[in-house]
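Participant: the following block contains a protein sequence and its predicted model.
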Amino acid sequence: REIITKPVVASGLKFEYDEVNYHALDVSIINDVQNLNLALPVISHTMRELCVNKNNNNELTFACYHRMGGLTGFIAKQFDEIYNAFEQKERNAFENRLHHLIKIDPKHPKKLYCVEVEIQSIKDNSIERILNELMSANLIAAKIIDGRTYISIVHEALLDQCDVFKTWIAQNRLKLSGIAEIQALHSHWLKHNKLSHYLSNNIDLLQKSQSFTLSESESLFVAKSRQKYNKNKHLKIGAIIGLVCMLFITVALLIKLSLNNQELSTTKNKAEALNVFLMKDLKEKLKPIGRLDLLEMISQQIIQYYTLQPEKSFTVSSYNHLIHALNTMGEVQIRSGELEHAMTLLSESDGYVKKSLMLDVANIQTLFQSSQNHYWKGYIHYLKKEWAVTEMYWSKYLKLTIQMEQLEPDNLNWQLEHSYALNNLGTISLNLKQNALARKHLKESEQIKTKLVDKAPNNSQYVAELADTISWLANLANSENKLVEANKYHSKSLVLSKRLINIDPQNSNWDYRLALAYYRLGGSDYDLGNLQAAGFNINQSISIMDKLFLIDENNHKWIRTLINNHIVMAKLNRHNGHIDQALWHVEQGKFYYHNYSPQNKQLIREANQLLRLNTVSSLIMNDLGQKKAALTQYQKAYDHFQQNSNTDQIPVFTTAYHLYILSALSHSTADPSKSNSYLDMARVSLLLELNSGSNNKEIKALFLMISAADSTDELLTRLNTDIKGMKYQNPDLLKQDKNNE
């Protein structure tokens, strides 16, 4: 910062201020610098250009900076001037070697990055002059390691800003992706002693690899893969023909069965085997890819088949297949929003469950299907927020899982199902304000899942499920204002999330889970006033989320988590006096907010995120002495929030905190009457909540903060004791003790 600002101030110049976005030009330059390597020469040239083109008020202007394209635009222009001076054949030779210098991240296909490469592996006379000129201009860096010279592109910003690179990347992105995928598979191949992870199952990539420039070991890997593919090809063709024939015969058999009941007894087992194939194997493949239409069609065919058969011929197995199909149809209808139709199907399924249990009261598959039936019935009422009815169905779900586990105590699937049922009852108990019962259910679920993880420590499903239960226990502790206990649970959840990454480092779902765990722990640290720990954990979350954002820029959950992270960091930096960094986080949060769809921007939680960003921004402006501008911006921000939100859904704390901010900003603009009026309104709304029995820590803390410090009111004394007892030290709502910061 000082390198940019001090010479300007010493020269009697200043930076132009943007009245719309409320920051000076130096803030934009500092933000741009953070994305560059070896930025000093670029800054020097840029500042010289800005000074030469200052306006009549001795200001370095945004207009000039934008004409230059900012720092990255300046670099791109510099590259173009050097590059275009060379002959076309030299430029072609250079571009033919760019795939050595630019790589694509196989985990994040949209992310390109620059790498170091030994110069001897790409250098020849045709590109020597270009390399020398670019190195002289600090656009390509060179370093010597063990007597060998390695080069790399200095500024990754060139990949986005320079036409040469943009054109080349557009033409070669698929090739880069293919090379990256081969290199990743090659690493697995080496890791497994060259015995597995062949490329033979990716025919398209195998064919394209002939045009790739690969290392000797990578070329060997491709050659081995091609040999394995040729060997397996004939076997696969035979297997496919056999499978098609089997399906053709069994489908024909179904048709025959529906028309000819005389052959039912001799062919029923084959038909039911087909049902198992359709409902089990295919369901597992169709459900993850969202093909509910195909799942519905298959279920309908199975239901139709059994409808055509005389029920007196049904076995327990027949009933189980029909129950499974009806349950699946019910699930599909729930996911499609057809709740009443789903309940009809599930009720029909329950009727067949009773008939099946009359034939075999302890049939494990019938009991399992019955448990699923009660889960989905409960879920329908959960969606309707009918908590008591949900609890009734989910209690039956729990009893069935216990019965299944008693019948087969060594079956890990039933143990996991038992823990699911406990988790569900724990969440519904929370909604019913039955915290003690919720804790009992969740702790029992934790114990079961801990045992499962101990038995299979590398089973990612078990680890993930345990982490989920730990997070619910953290939420429960937080709702009871047991903040230290909640913090410990968040720490435990973080450890489990790291474990998932170690088990399966290629899974982006685990990356997001880890980022979320860091964010939750950071938020917990922030509430306890542990700002250094909060900053570390939130920054860890941001680092992971930035990479995920490159994979999917429209992922609603990811965007929301990114914005929440930047809100915390903006507030934290403001409290620590790091105004520039606080403003940078505000701008980052707004950048990600603009990636929301128009529909998502209307959601109250998302609209509240923008309000929180503008709140921090307004408070910073007020800190910097721009008091009227701060009040004006904040009033506009809250008006926008109200216009885009259902007033009935706005939490009491949000409204009261808004009045408190208005009071603080109005007081700064020498309007004490308005300030006191806002505070009075805030106190009234908070007092109503407290008198109704609210245990919300934010409401308690805010009421304390806006009440007279010397008051001896009994309520304030009790609230003060509560806040101290829970160790709540959120700096937004409490005055920090300097010795504890």
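Facilitator: Nice, I can see it.
Participant: ok, residue 421 to residue 361 distance?
Facilitator: Here the criterion is CB to CB, to the nearest Å. By it, residue 421 lies 21 Å from residue 361. The C-beta positions use only the backbone N, C-alpha and C, and glycine is treated the same way.
Participant: compare these two (neighbour count), which wins?
Facilitator: residue 421 (25 against 9; other CB atoms under 10 Å).
Participant: the most centrally placed residue in the chain: which element?
Facilitator: With distances taken as CA atoms, centre = their mean, residue 558 lies nearest the centre of the chain, 3.5 Å away. Assessed by DSSP states H and E, residue 558 sits inside helix 556-575.
Participant: try residue 151
Facilitator: Applying DSSP H and E, one finds residue 151 within strand 148-153.
Participant: paired strands for that strand, with orientation please.
Facilitator: strand 117-118 (antiparallel), strand 140-145 (antiparallel) (DSSP bridges).
Participant: now the first one: mean pLDDT?
Facilitator: It refers to strand 117-118. Mean pLDDT, computed over strand 117-118, is 76.
Participant: right, and the helix or strand after that strand?
Facilitator: Sequence order places helix 125-136 as the next helix or strand after strand 117-118, per DSSP H and E.
Participant: how about that next one: buried residues?
Facilitator: Under the neighbour-count criterion of 16 or more other CB atoms under 10 Å, helix 125-136 has 126, 127, 130, 131, 134 buried.
Participant: tell me which of those residues is nearest to residue 690?
Facilitator: residue 134 (67.1 Å; CB to CB).
Participant: beta-bridge partners for the closest residue to the closest one other than its chain neighbours, please?
Facilitator: Once flanking residues are discounted, residue 134 sits nearest to residue 140: 4.2 Å by CB to CB, 6 or more residues apart in numbering. Beta bridges link residue 140 to residue 153, judged by DSSP bridges.
Participant: ok, residues contacting the strand holding residue 151?
Facilitator: Contacting residues not belonging to strand 148-153 are listed as 101-102, 114-120, 131, 135, 139-144, 159 [CB atoms under 8 Å, 6 or more residues apart in numbering].
Participant: try 10 Å this time
Facilitator: Strand 148-153 is touched from outside by 37, 79, 98, 100-102, 113-123, 131, 134-135, 139-144, 159, 162, 165, with contacts defined as CB atoms under 10 Å, 6 or more residues apart in numbering.
Participant: how about stretch 719-730?
Facilitator: If you take CB under 10 Å, 6+ apart as the criterion, stretch 719-730 is touched by 478, 480-484, 486-487, 523, 525-531, 571, 690, 695, 697-701, 703-705, 707, 713, 733-737, 740-741.
Participant: again, 8 Å this time
Facilitator: Against stretch 719-730 from outside (CB under 8 Å, 6+ apart): 481-484, 526-529, 690, 697-698, 700-701, 703-704, 734, 736, 740.
Participant: give me the buried positions along it.
Facilitator: 719, 722, 723, 726, 728, 729, 730.
Participant: which one of those is nearest residue 623?
Facilitator: Of those, the one sitting nearest to residue 623 (CB to CB) turns out to be residue 730, at 18.7 Å.
Participant: quick check: which element contains that closest one?
Facilitator: Assigned by DSSP H and E, residue 730 belongs to neither a helix nor a strand.
Participant: model confidence for it, exactly?
Facilitator: Confidence score, pLDDT, at residue 730: 95.
Participant: quick one, phi psi at it?
Facilitator: phi -60, psi 120 (degrees, to the nearest 10).
Participant: swap in residue 24?
Facilitator: The phi/psi pair for residue 24 (degrees, to the nearest 10) is phi -90, psi 170.
Participant: count the residues that sit near it.
Facilitator: Quick note: residue 24 (other CB under 10 Å) scores 18 neighbours.
Participant: the nearest residue to it once chain neighbours are set aside and residue 26, how far apart?
Facilitator: In space, not counting the residues next to it along the chain, residue 24 is nearest to residue 15; the distance is 4.3 Å by CB to CB, 6+ apart. According to CB to CB, residue 15 and residue 26 sit 5 Å apart.
Participant: cool, and residue 585?
Facilitator: 17 Å.
Participant: same question for residue 451.
Facilitator: Residue 451 is 58 Å from residue 26, by CB to CB.
Participant: these two - which one has more neighbours?
Facilitator: Neighbours per residue (other CB under 10 Å) separate residue 451 from residue 26, with residue 26 holding more: 18 against 14.
Participant: verify the contact between the more buried one and residue 5 for me.
Facilitator: Yes: the criterion here is CB atoms under 8 Å, and residue 26 meets it with residue 5 at 5.5 Å.
Participant: find residues that contact each of those two.
Facilitator: Common neighbours of residue 26 and residue 5 (CB under 8 Å, 6+ apart) are residue 15.
Participant: tell me which helix or strand comes right after the strand holding residue 151.
Facilitator: Where DSSP H and E defines the elements, the next helix or strand beyond strand 148-153 is helix 158-161.
Participant: that next one packs against which elements?
Facilitator: Contacts defined by 3 or more CB pairs under 8 Å, 6 or more residues apart in numbering; DSSP states H and E place helix 158-161 against helix 70-83, helix 163-191.
Participant: so for the longest one, mean pLDDT?
Facilitator: Just to be clear, that refers to helix 163-191. For helix 163-191, the mean confidence score works out to 72.
Participant: please apply the same query to the shortest one.
Facilitator: Model confidence over helix 70-83, given as mean pLDDT, is 79.
Participant: which parts of the helix or strand following it are buried?
Facilitator: Downstream of helix 70-83, the first helix or strand assigned by DSSP H and E is helix 88-95. Neighbour counts using 16+ other CB under 10 Å place 90, 91, 93, 94, 95 of helix 88-95 among the buried residues.
Participant: now tabulate these in CSV and tack on distance to residue 409 and pLDDT.
Facilitator: Shown next, in CSV, are the buried residues of helix 88-95 (distance: CB to CB, whole Å; pLDDT from 0 to 100):
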residue, distance to residue 409, pLDDT
90, 75, 83
91, 72, 84
93, 71, 83
94, 69, 81
95, 66, 81
